[in-house]
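# kindly return the folded structure for what I paste below:
(2 chains)
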Amino acid sequence: MRNRLFHSLMFAVMLASAARLAPAQDASSDELVSLIVSLLHESDKDLRSVAFEQVRTEAPGAAATEKFAAELPKLKPDAQVGLLAALASRGDTAARPLVLETLNATKEEAVSAAAVTALGVLGEAANVPVLVEKLQADAKPIAAAARASLVRLPGDETAPTIVKTMHGATPNVQVALIEILTERRALGAIPELLAAADGDDKQVRTAAMKALGQLAAAEHVAGMVQGVLHTEPGPEREAAEKAVMFVCQRAENPKERAAPLLEAIHDLSAPDQLAMLSTLGRVGGDGARKAIEAAIAESDTHTAGIRALCNWPDATIANRLMELSKSDSHPEHRIATLRALIRVAPLADSRSDAERLELLKQCLTICTRDEDRLLVLQRARSIRTVETLRFILEHVDEPAFTEMACETIVELAHHRTLRDAHKEEFHAALDRVIATSQDATSVDRANRYKNNQTWVRPKASAN
Amino acid sequence: MLDQAFEALKTLDWGQDLAPLAPIDEAVISSHSDESARRELESRLAATLSMTDSRDAKDYVCRKLMLIGTAASVPALAALLAKPENSHVARFALERIPGKEVNEALRTALESVAGVLKVGMIASLGSRGDEDSVPQLAKLLGDSDHQVACAAAKALGAIGSGKAAHALATSSSEAVKQDATNAMLACAENLLAAGDKANALRVYKHFAGEGQPKHVRLAATRGMLACAGKASE
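Predicted coordinates:
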């Protein structure tokens, strides 16, 4: 009994101590928060930066976050930008309401962009509409921030909300949202993407097929086939076919990569099956080869079969292309298969460099047109050996091939390990380039490599 | 062997072969767990300081006493503090010897030396964090020798106590203003680390005002935040 009384008394003392301690801790935290808040209003940006650093890492808890965020409407724009970034780094969603309020109230571009960026961290699925609205802003920084925020916006419901927002949006917005879903790796959006790939707008279809090329799996190939069939012949069709190819190439067994595509086209009408031959050719594999050879054997599908074979992704088709380039009854088919052969001949695979170069040399013997010979000299640069250099040097003095040969020589010389291993031969070759080429870039590159300098390849234009 | 080494030590000159002194080095190491042997060695080393005129011998002895010296060696080392040739190496030994005797010796020497030797005494007192030297150091803040005044400010900062901070705050010397500011901020940091938030905050608030240079305001502001943050931990 006495023992129980003692324990009760001790408990009461502990409670009283805790009660005394608790307000003291709150008061201390308040002191820090107040100090940080006052610093946020400093006119000196370096002193404000000290406050932002504190907002990022100190005074934990939603109450402090709310106090910091409550200062947003009272600050000047540049301070608002800093505080929004700091609140985003702090990562406490308690700041979300005031971030949204600031976004709605401000007319400053930088503040808008900062609020949109912060929303990407602090927001939720419910904020998708406002971010989609900002995605369409005229100001590029705001649109870019909205795009980045939609990519990183947390929450399981975010991707489904983005998908819902796609309905009724303009084609441009739909394209942007498809790209965002792709970056989010939103596999749940695949059914919507398949529907978009079969839609009426060309740019939306193209974006959807591109996204499916990255996200889809074998079970989605049938749906993608409908997308391919819906495309316009030309660049859109080619891009769609490549998207299907990317999906099929992800098959674990390379020999079976055409299986889902063959299955998907099995029940199509004859014209649609014919239209899909080209895609089959891009995918390659035993099943595709069989279907394409069957088409080549029939006179009414011969041309489509040849075109499909010319899309083949690797050099396993080389012998067949060689045969067709010599024996096909149509001159244009002989040219098409020869050019396809020149394309696949130097592709890296299990063959040795010497075998690849030998095949390319054989191609040259079959060529009857200078444009095909030029293609041989261009493709040779993919085989980075000194034997290739010797092969190309034989054509430097032929006026029709001089510039292409010189271009290939400097391309080979670009690779320092190859160049340094055969220094004398390369220096002599580069001297010939300098002496014979009329192309300023080739001459400049030759001089640079001779002097052991580098050359920076210009970035490819976006178009 | 050790006797011969001590004989060789008396006439040591730089450039000579140090091999004859090896027994002394070995004795310093081997006496690590033998207190009486170590005290005897210390006594012989301290006695050597008055038996030789060789600067290099004294230098050698001071370096050994730095390792094994106690309060018993302080008188012999203190006798070198006023000698320009030996003062520095004597402080080198004294700074590392524990006990208030060293502080007293340094404070006494402080009154009798000038110029760079005085700067040295001040630095050693600061390095030892000698709270009792604060009044002497405070007076030196107004010294006509700029080097001495700045050294005093830095030493007070190194001591870092409330008294040191007060002494720095009440100094009106413009010549040492920058060093005094740095020293006061060092004091505040030390006070905060020791849990004396009120005094630390007082210093930081003093320097957080708009009249201060920006880098000082930044440091003081960070200090104030650290005070507030520390309290909330």
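# flag every residue of chain A that's near chain B.
Contact residues (C-beta under 8 Å from any C-beta of the partner chain) of chain A with chain B: A:25, A:28-29, A:31-32, A:35-36, A:39, A:44, A:46-47, A:50, A:54, A:58-59. Any C-beta I mention is one placed from the backbone N, CA and C, and that applies to glycine too.
# rerun that using 7 Å as the cut-off
Selection of chain A residues close to chain B by C-beta under 7 Å from any C-beta of the partner chain yields A:25, A:28-29, A:31-32, A:35, A:39, A:44, A:46-47, A:50, A:54, A:58.
# dump the residues you listed to CSV, plus pLDDT.
Output for the residues of chain A next to chain B, formatted as CSV (pLDDT from 0 to 100):
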residue, pLDDT
A:Gln25, 41
A:Ser28, 48
A:Ser29, 78
A:Glu31, 86
A:Leu32, 91
A:Leu35, 91
A:Leu39, 93
A:Asp44, 89
A:Asp46, 92
A:Leu47, 91
A:Val50, 94
A:Gln54, 94
A:Glu58, 91
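# just these: which are in helices?
The helices, defined by DSSP state H, take in A:25, A:28-29, A:31-32, A:35, A:39, A:46-47, A:50, A:54 from the residues of chain A next to chain B.
# those residues: which two are farthest apart?
Largest separation among these by C-beta to C-beta: A:Gln25 and A:Asp46, giving 30.5 Å.
# ok, now how distant is A:Ala270 from A:Pro60?
To A:Pro60, A:Ala270 is 69 Å away according to C-beta to C-beta, to the nearest Å.
# so where does A:Ser442 fall, helix or strand?
helix A:440-450 (DSSP states H and E).
# now that helix - C-alpha only, PDB.
Provided in PDB are the C-alpha atoms of helix A:440-450 (Å, rounded to 0.1, in the frame of the first residue of the first chain):
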ATOM      1  CA  ALA A 440      37.000  23.600 -94.600                       C
ATOM      2  CA  THR A 441      35.800  21.400 -91.700                       C
ATOM      3  CA  SER A 442      37.600  18.300 -92.900                       C
ATOM      4  CA  VAL A 443      40.800  20.300 -93.400                       C
ATOM      5  CA  ASP A 444      40.500  21.900 -89.900                       C
ATOM      6  CA  ARG A 445      39.900  18.500 -88.300                       C
ATOM      7  CA  ALA A 446      42.900  17.000 -90.100                       C
ATOM      8  CA  ASN A 447      45.100  19.800 -88.900                       C
ATOM      9  CA  ARG A 448      43.800  19.400 -85.400                       C
ATOM     10  CA  TYR A 449      44.400  15.700 -85.200                       C
ATOM     11  CA  LYS A 450      47.900  16.100 -86.700                       C
END
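# most neighbours of all the residues of chain A next to chain B, which one?
Using other C-beta atoms under 10 Å in any protein chain shown as the neighbour criterion, A:Gln54 leads those with 26 neighbours.
# tell me the helices and strands packed up against the helix holding A:Ser442.
Here helix A:440-450 touches helix A:402-413, helix A:423-436, going by 3 or more C-beta pairs under 7 Å, 6 or more residues apart in numbering or on different chains; DSSP states H and E.
# how far off helix A:402-413 does the last one point, in degrees?
Okay, so that is helix A:423-436. 150 degrees (axes from the mean of the first three to the mean of the last three C-alpha atoms, to 10 degrees).
# per-residue pLDDT, the nearest residue in space to B:Ala167 that is not next to it in sequence?
Counting by C-beta to C-beta, 6 or more residues apart in numbering or on different chains, B:Ala167 lies nearest to B:Ala138, which is 3.7 Å off, once chain neighbours are set aside. Looking at B:Ala138, its pLDDT is 95.
# okay, and B:Ala138 sits in which element?
Per DSSP H and E, B:Ala138 falls inside helix B:134-140.
# A:Val410: neighbour count?
Neighbours of A:Val410 (other C-beta under 10 Å): 25.
# who are the contact partners of it?
A:433, A:442, A:445-446, A:449 (C-beta atoms under 7 Å, 6 or more residues apart in numbering or on different chains).
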